[in-house]
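In: Provide a 3D model corresponding to the input given below.
(one chain, ligands or ions: 1)
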Amino acid sequence: MKVTDHIKKAKGKTLFSFEIIPPVKGKSIQELYDNIDPLMEFNPPFIDVTTSREEYVYIDRDGLLDKKLTRMRPGTLGICASIKHKYDVDTVPHVLCGGFTKEETEYLLVDCHYLGIENVMALRGDAMKEEKYFAPTKGGHLYASELVKQIQDINCGNYLHEMIETDNCSDFCIGVAGYPEKHMEAPSLKSDLKRLKEKVELGADYVVTQMFFDNKKFFAFVEAAREMGIDVPIIPGIKPIAVKRHLQLLPQVFRVDIPQDLVDAVEACKTNKDVRQVGVEWCIQQSKELKEAGVPVLHYYSMGKSDNIKAVAKEVF
Ligand SMILES: Cc1cc2nc3c(=O)[nH]c(=O)nc-3n(C[C@H](O)[C@H](O)[C@H](O)COP(=O)(O)OP(=O)(O)OC[C@H]3O[C@@H](n4cnc5c(N)ncnc54)[C@H](O)[C@@H]3O)c2cc1C
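Out: Okay, the predicted model is just below:
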């Protein structure tokens, strides 16, 4: 079922969902299941599975370093299929511009359709680790908006090289990313919102936000988006801080602010176990306020671990 239909069916009740990342290549999927199992009691209508960009690795061949391009966490679609099958829950693969040609994307979308996957999250992806700026893959897309258009084209039977008359078209429900504190490359929040609107006009059905730790920023973002005419559901994505290092890492990687009260509380912790508790408590307060405000879904970034998400969900759902 489509994410937007799950939201309609819930009739104003806030739903619980979360995002997972595929295991590192060679690791078992069991660890993923072990972390999903405890969260299923909160009835997520959908689970997102991220896609990671390719990266360079250096292989030592008799003292000479061989530079190879590889994907450290492959298997997004396989994981989506296995979770859907095992838990009977909708899964949302993240589809990236970076690292994929349009042909490969078409192939992936055809696979999604055959697997009964009805939702996809259309994302540009970040720059590769070695690169300062995002560079499109040869034969790939530059912006997520172009990817949204390709998915909508396929929904209408317009494939890359042929228009196909079929009674078996896909009808993907398309999610896109939004940034309450603006995307790091955007010159202003307003221009970023204009880009978000373009994605919606091209066919995006809902928005999931980047993590944030101050609900006021989310509420202001939604208000500005609505004023601009963005009328699709906006789903807040949130994450409990889990280790002290997150105070530096999260602002650096995701360009998000951490409120001073939370910084102070984390800095006062003696152990990471204490930090985890502080992170959970902050996230519970955030979640309760967002739920009270009537958000359609609370979407948690689990980063593969579920104990803290479960501690939050138990208090909120
Ligand atoms: C909910 C969520 C899930 C994510 N999942 C993943 C994942 O699984 N894997 C992963 O690698 N990354 C993921 N990301 C990170 C995401 O890929 C990065 O934030 C990326 O840098 C931007 O992606 P986007 O889809 O927002 O890009 P876009 O919408 O293309 O925007 C990128 C930048 O370009 C600007 N822009 C857009 N269109 C134009 C235009 N026509 N002209 C000029 N500027 C323009 C925008 O304002 C923005 O600054 C996720 C992010 C979120 C919020």
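
In: all helices for this structure, in order.
Out: Per DSSP state H, the chain carries helices over the ranges 3-10, 30-36, 76-87, 102-114, 144-155, 189-201, 215-227, 246-254, 260-267, 272-292, 307-316.

In: which one of the ones you listed is the most hemmed in?
Out: helix 144-155 (a mean of 21; mean count of other Cβ atoms under 10 Å). (Glycine included, C-beta is placed from N, CA and C.)

In: okay, that helix in PDB with CA atoms only?
Out: Once side chains and other backbone atoms are set aside, the C-alpha atoms of helix 144-155 remain, and they are given as PDB (Å, rounded to 0.1, in the frame of the first residue of the first chain):
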ATOM      1  CA  ALA A 144      16.400  14.500  -7.300                       C
ATOM      2  CA  SER A 145      13.700  16.300  -9.300                       C
ATOM      3  CA  GLU A 146      15.000  14.600 -12.500                       C
ATOM      4  CA  LEU A 147      14.700  11.300 -10.700                       C
ATOM      5  CA  VAL A 148      11.100  12.100  -9.600                       C
ATOM      6  CA  LYS A 149      10.300  12.800 -13.300                       C
ATOM      7  CA  GLN A 150      11.800   9.500 -14.400                       C
ATOM      8  CA  ILE A 151       9.700   7.600 -11.900                       C
ATOM      9  CA  GLN A 152       6.600   9.500 -12.900                       C
ATOM     10  CA  ASP A 153       7.400   8.800 -16.500                       C
ATOM     11  CA  ILE A 154       7.600   5.100 -15.800                       C
ATOM     12  CA  ASN A 155       4.300   5.300 -14.000                       C
END
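
In: could you say what helices and strands that helix packs with?
Out: Where contact means 3 or more Cβ pairs under 8 Å, 6 or more residues apart in numbering; DSSP states H and E, helix 144-155 is packed against strand 90-96, helix 102-114, strand 119-123, strand 173-178, helix 189-201.

In: wait, which of the helices of the chain is closest to residue 136?
Out: Using Cβ to Cβ as the measure, helix 144-155 is the one of those that comes nearest residue 136, at 9.0 Å.

In: what's the angle between the closest one and helix 102-114?
Out: Between helix 144-155 and helix 102-114, the angle comes out at 50 degrees (axes from the mean of the first three to the mean of the last three Cα atoms, to 10 degrees).

In: nice, that's everything, thank you.
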